[in-house]
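1. Have a look at this prediction, sequence included:
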Amino acid sequence: PSSSASSGINAEYGVDELKIDEIKLEEEKDLVCSFNLSLLQVIREYQNLHGLKHDDYQRYRQYCTRRLQRLYKGLKFLHGAKKFSNKKITPEMYCKDPRYLMITLIRAERAWAYALDLKQFANTEPRKQSHLVAKLKKAVIYAEELEGTCVSLKCDPSTQLEAKAYTHYMRGMLNFEKANWQRCLVAFTSAQKIYSKLADAVEEGGMYREKCEEMTPKVQYCLYNIQSSRGTIDTNEVGEELLAELDGIIASRASAPTQAVYELKWEGKTVSITHDEIKIQLAQLQDNIKLAKDVGTNQEKGLELLDEVVGGCRDVVQIVRRAEKLESADTLTDYFNYLRITSTIERFLLMAQQVSDKLKGVVETRPGTKMARPEDLVRLYDIILQNYADLKGIVSIEKEGEFYRSIDVNTMFYRALRCFYIAECHLGQSNWLNAIVLYDKCNEHVSETLASTSDKEMIGELNALSKQIYSQRCSAHASAFLHSQLQEEEMTDISPADKNRILSNCLDQFRLVSSAADLPTIATLPPDFQTTPCKPTFFDISLNQIEFPDLSTRVEKEGALSGLSRWIWGR
């Protein structure tokens, strides 16, 4: 968002921590930004929610890509539609909106996740190893940019401290893959010392201690390799200067004033929000909701903004569930679910308005796009009614409150619209009687809603709907009557030529019989001769396959005399 929009939202919703003071110092000419971001907490929440519980680095990398796209779109920090232009984030942009800091952080996380995803295939494919190192170098560059930004803008001391530890961790990962054991040991040891000091300085230091324990096996492996190569262990880079710097930052952090609290008022309840990430996300959501209401006739832009609100609400709910010792976590979860459902309803209402305009001919259907049908509106109103049912299931909404009663009224209103468009579907399919019954049912819904609401805008829409129902019902009634008349005209008397027709030959025709003399002939006796085909001739070819029995034993045997001797002797 622009600077004016961002500052307006911060002032309107009381997010004191997001008020960015742009102070140009006369001597140093630097920008001072007073915001605090718990880097390790944000990283851990993203990693646990998106695949790293199961070591799925590809899923986490894909999430980082989607998150960057949402940030680019929300901040209007685009890189060109056709030709890519590499835009740089300036210090002024960081001060206008702290979400630019998240861009640098998520870029580093994406490169790191890509590297560890490649590491799974590095043993079998040697080229993956060089690709892995290149990605880790990119992660180190982004981490150094993050650290330099936090220091140059004089951010909160804890933010500077965590950025420094994050940079050391990324350097350690890079040197670990390059087998540079001395530099890897220095980097991991520096990160461990920073995180251990942070764990001692804050009440909720468990995640910092877990991070230190995560790096311990790598530190031990570095020590083993250095000792195996008979090298000397040198950790002077982590010595007194760094420890003195850490003590100074922690001391200034302890003497810093308490962070501002944002009070959220909803449904008669007041919730204090101190979580920085939740406050940043809430400001962004309120910004998009306000912009979505001011889009006017640009419905496509409104749909994009509402999509961002719905996705942002899901992200915040996950952050609330993972946050430790967060006050009124259930109320915050219900509030963001309420924002998600109401934004979803607004989104589908915009889509229903688009379809309705196409049906009425207000908007022309572009060539190559799908034609609008009443069935589309029925489906959209089904989804809207389901969302209102989900809205009633939110525990924090008072059952006797005005908002809860408005849910019932809106449910009746959209139920009437749904019934009307179901009747339109039957009317389009020439089901006249079904359409008339549904129009009558729709009139009942309209009457119930008029008796329950006092909203003038809704009453006007209901009166217009009632007139439309009356018009369409008359049209359906007339069409049904005309259809019945056409059917009667088709039912003509039986002509004399057809009286002697056989009943079996005209079963598919309906004939109106006025007397017993007009009854058709059932059958003729004696029956008429019919031509039948001649019986076909079959050739017996099975004889070639028959094997006859051997009858040689029954044949009479010839004597010893030849034929000539038998003739002479008369035998």
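-> It's in.
2. From now on I want contacts and neighbour counts done on CA atoms only, so please keep to that.
-> Fine.
3. where are the low-confidence patches of the protein?
-> Residues of the chain that meet the criterion pLDDT under 70 lie in 1-36, 79-85, 202-204, 230-261, 324-325, 487-500, 535-541, 556-571.
4. who's in contact with residue 317?
-> By Cα atoms under 8 Å, 6 or more residues apart in numbering, residue 317 lies in contact with 332, 333, 336, 337.
5. which of these has the most neighbours?
-> Neighbour counts for the contacts of residue 317 peak at residue 332, which has 23 neighbours (criterion: other Cα atoms under 10 Å).
6. how near is that residue to residue 457?
-> The gap separating residue 332 from residue 457 is 32 Å, by Cα to Cα, to the nearest Å.
7. Residue 548 too?
-> Here the criterion is Cα to Cα. By it, residue 548 lies 103 Å from residue 457.
8. just the helices in the stretch 251-400 of the chain please.
-> Listed in chain order, the helices of the stretch 251-400 of the chain (DSSP state H, counting those that start in this stretch) span 276-293, 299-322, 329-360, 374-392.
9. These: which one's closest to residue 72?
-> Closest of these to residue 72 is helix 299-322, at 11.6 Å (criterion: Cα to Cα).
10. Going by neighbour count, which residues of the closest one are buried?
-> The neighbour-count check on helix 299-322 (16 or more other Cα atoms under 10 Å) flags 299, 302-303, 305-310, 312-313, 315-317, 319-320, 322 as buried.
11. before we move on, what about stretch 394-409?
-> Across stretch 394-409, burial judged by 16+ other Cα under 10 Å covers 394, 396, 397, 405, 407, 408, 409.
12. now these in TSV, with distance to residue 44?
-> Formatted as TSV, the buried residues of stretch 394-409 follow (distance: Cα to Cα, whole Å):
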residue	distance to residue 44
394	28
396	29
397	32
405	41
407	38
408	41
409	43
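13. number of nearby residues for residue 545?
-> If you count neighbours by other Cα under 10 Å, residue 545 ends up with 7.
14. so how far is stretch 366-386 off the chain centroid?
-> Offset of stretch 366-386 from its chain centre (Cα atoms, centre = their mean, to the nearest Å): 19 Å.
15. so who does residue 149 touch?
-> Applying Cα under 8 Å, 6+ apart, we find residue 149 in contact with residue 91.
16. Using PDB, write down the CA coordinates of stretch 195-205.
-> In PDB, the C-alpha atoms belonging to stretch 195-205 read as follows (Å, rounded to 0.1, in the frame of the first residue of the first chain):
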ATOM      1  CA  TYR A 195      20.800 -17.100  20.900                       C
ATOM      2  CA  SER A 196      22.000 -18.200  24.400                       C
ATOM      3  CA  LYS A 197      22.200 -14.500  25.500                       C
ATOM      4  CA  LEU A 198      18.800 -13.800  24.000                       C
ATOM      5  CA  ALA A 199      17.400 -16.900  25.900                       C
ATOM      6  CA  ASP A 200      18.700 -15.400  29.200                       C
ATOM      7  CA  ALA A 201      17.400 -11.900  28.400                       C
ATOM      8  CA  VAL A 202      13.700 -12.800  27.700                       C
ATOM      9  CA  GLU A 203      11.100 -14.800  29.600                       C
ATOM     10  CA  GLU A 204      10.100 -17.000  26.700                       C
ATOM     11  CA  GLY A 205      13.600 -18.200  25.800                       C
END
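17. And the contacts of that stretch?
-> With contacts defined as Cα under 8 Å, 6+ apart, stretch 195-205 is touched by 162, 165, 206, 207, 208, 209, 211, 212, 246, 250.
18. Quick check: which element contains the fifth one?
-> By that I understand residue 208. Per DSSP states H and E: residue 208 is located in helix 206-228.
19. Next: the first one.
-> Element membership of residue 162, judged by DSSP H and E, is helix 157-177.
20. quick one: that helix to helix 206-228, angle?
-> 30 degrees (axes from the mean of the first three to the mean of the last three Cα atoms, to 10 degrees).
21. Quick check: next helix or strand after helix 157-177?
-> Defined by DSSP H and E, the subsequent element after helix 157-177 is helix 181-201.
22. follow-up on the earlier one: need the contacts of stretch 195-205 in a markdown table with neighbour count, can you?
-> Converted to a markdown table, the contacts of stretch 195-205 look like this (neighbours: other Cα atoms under 10 Å):
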| residue | neighbour count |
| --- | --- |
| 162 | 22 |
| 165 | 25 |
| 206 | 13 |
| 207 | 15 |
| 208 | 22 |
| 209 | 17 |
| 211 | 16 |
| 212 | 20 |
| 246 | 19 |
| 250 | 20 |
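23. Let's have those residues in TSV, adding distance to residue 432.
-> Shown next, in TSV, are the contacts of stretch 195-205 (distance: Cα to Cα, whole Å):
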residue	distance to residue 432
162	71
165	74
206	70
207	68
208	71
209	73
211	71
212	75
246	82
250	79
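24. closest to residue 478 among the residues you listed?
-> Of all the contacts of stretch 195-205, residue 207 has the smallest distance to residue 478: 74.7 Å, by Cα to Cα.
25. Roughly how far does the closest one sit from residue 56?
-> From residue 207 to residue 56 the distance is 21 Å (Cα to Cα).
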